[in-house]
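S.K.: This is the structure alone, sequence omitted:
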C-alpha cells in the first residue's frame, strides 16, 4: 500500500486506566497510520486544559516502529522496559509495540500496539477516530489527492506563520532591552525581585533571571513548598536537589484525583497537606518556599505553579531573602515581618512534625518554629489572604484591607498624589463596579510628605489580547493559563480599564504573563510594588460585608510588598556557602554601616551601579500602560478563535 494511501494503518493507541488495564468503551482507541499522527484533546475526550489540542505527534513507519515528538507545553512520559522517560516540549523518542505513554505525567495512559499484518478489523475498530497532522478532524475515507492538497496548503500556511513569528520576535529583540542592564549590588538584591527564566527567549532577555535550581540548592534540611498545582515528576527532574532533602512538606491545592497520584509518587519523608477551605469556591493558591538550612532560613515568594510550563514559558516573578538564626542572647521581640509570617503559617494548619537539625537538635516544625530566625533585615512586608469571615481586629489583617492598613502608615513623595495604579494579573473574577471602587480605595491609601492623602488613583488593568495569545510562544495553548470566561471579561464597565501587555524592554511580549503585580507609579517612579499570587478577584482580595465591618475571603494568597524605607546596609548573609548564592541571590542585610531611604524605579531609568538609594524593579511591562485600541479584544478562554496561531492551531472550546 502506498504511503499516500491513508488507510495504511500500522497500530493503535489503546487507552488504559491508572492500573494499566484497558478501559473498554469509555475512551476510544486511536488508530495510528503510517506517517504523522496528531494526538491531543481533540481526539481524547477529556476536559483537561493541560492536554493540548496538538499534544504530541506520533510519526509511524510501515513496520510499526514510531517516533514521538512533543508538541504540547506539558511534558509526556514514556514507559518502556520498566523505566520512565520524561519528554519536554520539542523532544523526541522512539517507541515500539507495548510501550506506554502518559499524556500528562501520571494521567491519561495509552499503550502503543502494533497492528498484525492482515488482521481483520473488529466492529469496534470501525468506530475509531483517526487524526493526522493536517487536520485532527480529517476523515480518512477521503481521497488521497484531497489529502495531498490539504498537506500542501498546510505546509504553505506553516511557512507563513513561521515568517510571522520570526518577524514578531525580531521586532521585540531589536526594541529597547532594559533587562540587559538589570544589575544590582549584592547587598541590595533583597530590595528587588527577579524575573524567571523563559526557555525560548534570547540570552539578553534572561539577564539576572532565575530558574528553580537557582533557588532550591545547598544543604537544605527541611523544605516547605506551598503551591496550587504540583507536578512531582517535573519538580524532581527539574530540581534533583529536592530528592536529597530529608524532610519535605508539600502544601498544595490539588484535587482528590491528582492527590492519589501524588501519594503514590512521593518519596518517604514527604508530607502532603491541603489547607482547609471553609468557604466554597476557594483555593489554596499561595506560591512560596521556606527552606531551612543549618545557617538559617530562605524564604521565597513567587508566582509560578510547580509545573513545567510555568517555569519555562511564562512571564513570572520571584523574591527571596535569607535570614539567620536568632542569637540566643538576643532580646529581640520580633518584627512586623515575623508576626505577619507566623500568623499566615498558622492559618495553614499543617500537621506538626519533628526533625533533628544539625547543631540545633530536635525541633517541632510548626508555625511558632519560624520565630527562631532573625527577620530584622527584612526588606518587604507580607500581604496575605486566608479564607474566612474576618471582623474586629482581624478585619485589617488580611487581603486588600491589610494592604490598605500598611499603605496608610506610609509616607510617599508628593509626585504620587492622585497618580495612577496598575492591576496586572492572569485570571479575572466576576467583578462589579462597587467592588472595584472598594479595591481602588485600599490601593490608593497613603499620605505624601505634607501629610495629605494621596487620593484615589485611576487603575489600568493589564490583560493580554486575543492577538497577544495567538502570537505568543505557546500560541493559543497559553490561553489555558489565562482562565477567565467571557462573562467575566466582557463586562461593559471594564472597557475603560483595559491596557495592553507590552513588555519589549524585558523581551517578554510573547511570554504570556502568569505573574501578578499591583503598583502605583508616576512616570518611571514607583511608589510601592506588590508581587503576589492574588489575581483580580473577590475570592483572592476579599469583599467587605455588613456595612464594611466584615471581610469575606475565599482563598489563600501570599505576596510581598516593596515600600520606600530606611534600609540598613552592611555585610551580606546567605544560607548557602556557594559563591553563586552569596553573590547573586537573596541575602539579609545586617550590621548596618549606613542608612539610606530607598526609592524605586523601573528598568527604563538609568541608575548608577553604586547608587544605594535608587532601586530598580524589573517590572516586566511598560509604564505607562497603553490603553486598548478599538480593534483589541481581551482574551476569554471560552470563546472560539478561528484565526490560526503561530503553530497553525485554532481555539475550539470543547
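M.R.: Structure's in. What do you need? For clarity, every value in this text was computed on a predicted model and none was experimentally measured. Numbers count the residues shown, from 1 in each chain.

S.K.: With adjacent residues omitted, what lies nearest to residue 404?
M.R.: Nearest non-adjacent residue to residue 404, counting by C-beta to C-beta, 6 or more residues apart in numbering: residue 442, 3.7 Å away. Every C-beta, even on glycine, is put in place using the N, C-alpha and C of the backbone.

S.K.: Hmm, that neighbour is touching residue 400, no?
M.R.: Yes. The pair residue 442 and residue 400 qualifies as a contact (C-beta atoms under 8 Å) at a distance of 4.1 Å.

S.K.: hmm, back to that, the residue nearest to residue 404 should be in a strand, yeah?
M.R.: No. If the criterion is DSSP: H, G, I helix; E, B strand; the rest coil, then residue 442 is helix and not within a strand.

S.K.: how many neighbours does it have?
M.R.: The burial metric for residue 442, expressed as a neighbour count using other C-beta atoms under 10 Å, is 20.

S.K.: State the distance from it to residue 459.
M.R.: Spatial separation of residue 442 from residue 459 under the definition C-beta to C-beta, to the nearest Å is 11 Å.

S.K.: which residue ranges form the helices in the chain?
M.R.: Counting by DSSP state H, the segments of the chain that form helices are 144-173, 212-215, 232-238, 256-265, 308-312, 336-348, 399-408, 433-443, 466-470, 486-489, 538-541, 579-584.

S.K.: Just give the nearest non-adjacent residue to residue 501, would you?
M.R.: With C-beta to C-beta, 6+ apart as the criterion, residue 501 has its nearest non-adjacent residue at 4.8 Å, and that residue is residue 464.

S.K.: Distance of the one you found relative to residue 262?
M.R.: Separation of residue 464 from residue 262 (C-beta to C-beta): 31 Å.

S.K.: Among the two, which residue is more densely surrounded?
M.R.: The residue with the greater number of neighbours, taking residue 464 and residue 262 and applying other C-beta under 10 Å, is residue 464; the counts read 20 against 17.

S.K.: I figured that one hits residue 512, correct?
M.R.: Yes. Under the criterion of C-beta under 8 Å, residue 464 makes contact with residue 512 at 5.8 Å.

S.K.: Name the nearest residue to residue 292, sequence neighbours excluded.
M.R.: residue 222 (4.0 Å).

S.K.: what's the burial count for that neighbour?
M.R.: The local packing of residue 222 (other C-beta under 10 Å) involves 21 other residues.

S.K.: show me the contacts for it.
M.R.: Contacts were defined as C-beta atoms under 8 Å, 6 or more residues apart in numbering; by that measure residue 222 touches 245, 246, 247, 248, 249, 291, 292, 355, 357, 365.

S.K.: which among these end up buried?
M.R.: Buried residues within those, defined by neighbour count using 16 or more other C-beta atoms under 10 Å: 245, 247, 248, 249, 291, 292, 355, 357, 365.

S.K.: need the contact list for the residue nearest to residue 404.
M.R.: Going by C-beta under 8 Å, 6+ apart, residue 442 touches 400, 401, 403, 404, 407.

S.K.: out of everything not next to it in sequence, what's closest to the last one?
M.R.: This means residue 407. Nearest in space to residue 407, with sequence neighbours left out and distances taken as C-beta to C-beta, 6+ apart, is residue 445 at 3.8 Å.

S.K.: what's the neighbour count on the one you found?
M.R.: Residue 445 sits with 20 neighbouring residues when counted by other C-beta under 10 Å.

S.K.: Would you agree it is in contact with residue 402?
M.R.: No. With contact taken as C-beta under 8 Å, residue 445 and residue 402 are classed as non-touching, separated by 11.0 Å.

S.K.: isn't residue 498 right next to residue 628, touching?
M.R.: Yes. Between residue 498 and residue 628 there is a contact at 4.3 Å, judged by C-beta under 8 Å.

S.K.: Now list whatever residues contact both of those two.
M.R.: Taking C-beta under 8 Å, 6+ apart as the contact criterion, the common neighbours of residue 498 and residue 628 are residue 634.

S.K.: centroid residue for the chain?
M.R.: residue 304 (2.8 Å; C-alpha atoms, centre = their mean).

S.K.: pLDDT score for it?
M.R.: Each residue has a pLDDT score; the one for residue 304 is 98.

S.K.: Quick check: closest non-adjacent residue to it.
M.R.: The shortest distance from residue 304 to any residue that is not its chain neighbour, by C-beta to C-beta, 6+ apart, is 3.9 Å, and that residue is residue 310.

S.K.: tally of neighbours for the one you found?
M.R.: Using other C-beta under 10 Å as the criterion, residue 310 is surrounded by 24 other residues.

S.K.: That one: what's it in contact with?
M.R.: For residue 310, the contacting residues are 229, 304, 316, 481, 514, taking C-beta under 8 Å, 6+ apart as the criterion.

S.K.: Let me know the closest of those residues to residue 241.
M.R.: Distances from the contacts of residue 310 to residue 241 were compared by C-beta to C-beta; the smallest belongs to residue 304, at 17.3 Å.

S.K.: low-scoring stretches of the stretch 551-654 of the chain, by residue?
M.R.: Residues of the stretch 551-654 of the chain that meet the criterion pLDDT under 70 lie in 566-571, 577-596, 608-612, 652-654.

S.K.: Overlap of the contact sets of residue 464 and residue 512?
M.R.: Counting by C-beta under 8 Å, 6+ apart, the contacts common to residue 464 and residue 512 are 472, 482, 501.

S.K.: which residues of the stretch 401-550 of the chain score low on pLDDT?
M.R.: Counting by pLDDT under 70, the stretch 401-550 of the chain contains no low-confidence segment.

S.K.: Quick one: the strands in it, in order.
M.R.: Using DSSP state E, counting those that start in this stretch, the strands of the stretch 401-550 of the chain run over residues 411-412, 421-424, 447-448, 459-462, 498-499, 517-522, 525-532, 543-545, 550-553.

S.K.: Using JSON lines, lay out the ones you listed together with distance to residue 45.
M.R.: Putting the strands of the stretch 401-550 of the chain into JSON lines (distance: least, C-beta to C-beta, whole Å) gives the following:
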{"stretch": "strand 411-412", "distance to residue 45": "55"}
{"stretch": "strand 421-424", "distance to residue 45": "35"}
{"stretch": "strand 447-448", "distance to residue 45": "58"}
{"stretch": "strand 459-462", "distance to residue 45": "35"}
{"stretch": "strand 498-499", "distance to residue 45": "35"}
{"stretch": "strand 517-522", "distance to residue 45": "38"}
{"stretch": "strand 525-532", "distance to residue 45": "36"}
{"stretch": "strand 543-545", "distance to residue 45": "37"}
{"stretch": "strand 550-553", "distance to residue 45": "36"}
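
S.K.: nearest to residue 208, of these?
M.R.: For these, distance to residue 208 was read as C-beta to C-beta. The smallest value, 15.4 Å, belongs to strand 525-532.

S.K.: between the closest one and helix 433-443, how many degrees?
M.R.: With axes from the mean of the first three to the mean of the last three C-alpha atoms, to 10 degrees defining the directions, strand 525-532 sits at 120 degrees from helix 433-443.

S.K.: Residues touching strand 525-532, excluding its own?
M.R.: Where contact means C-beta under 8 Å, 6+ apart, the residues beyond strand 525-532 that reach it are 193, 301, 303, 317, 319, 383, 403, 407, 410, 412-413, 415-416, 419, 446, 454, 515-521, 557-564, 599-602, 605, 617, 619.

S.K.: hmm, 7 Å instead?
M.R.: 193, 301, 303, 317, 319, 383, 407, 412, 415-416, 419, 516-521, 557, 559-563, 599-602, 617 (C-beta atoms under 7 Å, 6 or more residues apart in numbering).

S.K.: Who does it pair with, and is each partner parallel or antiparallel?
M.R.: For strand 525-532, sheet partners with direction are given as strand 517-522 (antiparallel), strand 557-562 (antiparallel), strand 599-601 (antiparallel), following DSSP bridges.

S.K.: Now do it against helix 399-408: the angle between them, please.
M.R.: Strand 525-532 runs at 150 degrees relative to helix 399-408, counting by the same axes, to 10 degrees.
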